[in-house]
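Student: Following is a predicted model, sequence given first.
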Amino acid sequence: MKELLRTTDPTVIAFAQALLSGEGIATFEMDVHMSVLDGSLGILPRRLMVREQDLFLARAVLHDNGIDPGA
């Protein structure tokens with residue numbers, strides 16, 4: 001699995017997952033329960049992972065919908 005997106009905004013993660021699901025790209029969200037460590041402040045980012053063979057298409061889908069997936 002490769003990291004597609006890293007953000008502290010849970011709405012961006014949810015939107016990205018919905019977009020990718022619509023394209024048939026499986027995702028896995030990591031660091032969901034890290035709020036235990038940061039006291040629910042939301043300062044620790046969550047990561048959205050995809051399979052390596054889906055990475056290029058997933059980045060294109062997010063970019064086309066106004067989400068900057070990073071490098």
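Tutor: Good, I have the coordinates.
Student: For this structure, which residues score under the pLDDT cut-off?
Tutor: In the predicted model, the chain carries pLDDT under 70 at residues 35-42, 71.
Student: so who does the spatially most central residue of it touch?
Tutor: The residue lying closest to the centre of the chain (CA atoms, centre = their mean) is Leu48, at 2.9 Å. With contact taken as CB atoms under 8 Å, 6 or more residues apart in numbering, Leu48 is in contact with 3-6, 13, 16-17, 27-30. (C-beta placed from N, C-alpha, C; glycine too.)
Student: want to throw these into JSON lines with distance to Asp64, neighbour count and secondary structure?
Tutor: As requested, these are exported to JSON lines (distance: CB to CB, whole Å; neighbours: other CB atoms under 10 Å; DSSP: H, G, I helix; E, B strand; the rest coil):
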{"residue": "Glu3", "distance to Asp64": "19", "neighbour count": "14", "secondary structure": "strand"}
{"residue": "Leu4", "distance to Asp64": "14", "neighbour count": "24", "secondary structure": "strand"}
{"residue": "Leu5", "distance to Asp64": "14", "neighbour count": "24", "secondary structure": "strand"}
{"residue": "Arg6", "distance to Asp64": "19", "neighbour count": "14", "secondary structure": "strand"}
{"residue": "Ile13", "distance to Asp64": "18", "neighbour count": "21", "secondary structure": "helix"}
{"residue": "Ala16", "distance to Asp64": "12", "neighbour count": "24", "secondary structure": "helix"}
{"residue": "Gln17", "distance to Asp64": "16", "neighbour count": "17", "secondary structure": "helix"}
{"residue": "Thr27", "distance to Asp64": "17", "neighbour count": "20", "secondary structure": "strand"}
{"residue": "Phe28", "distance to Asp64": "22", "neighbour count": "12", "secondary structure": "strand"}
{"residue": "Glu29", "distance to Asp64": "21", "neighbour count": "15", "secondary structure": "strand"}
{"residue": "Met30", "distance to Asp64": "24", "neighbour count": "14", "secondary structure": "strand"}
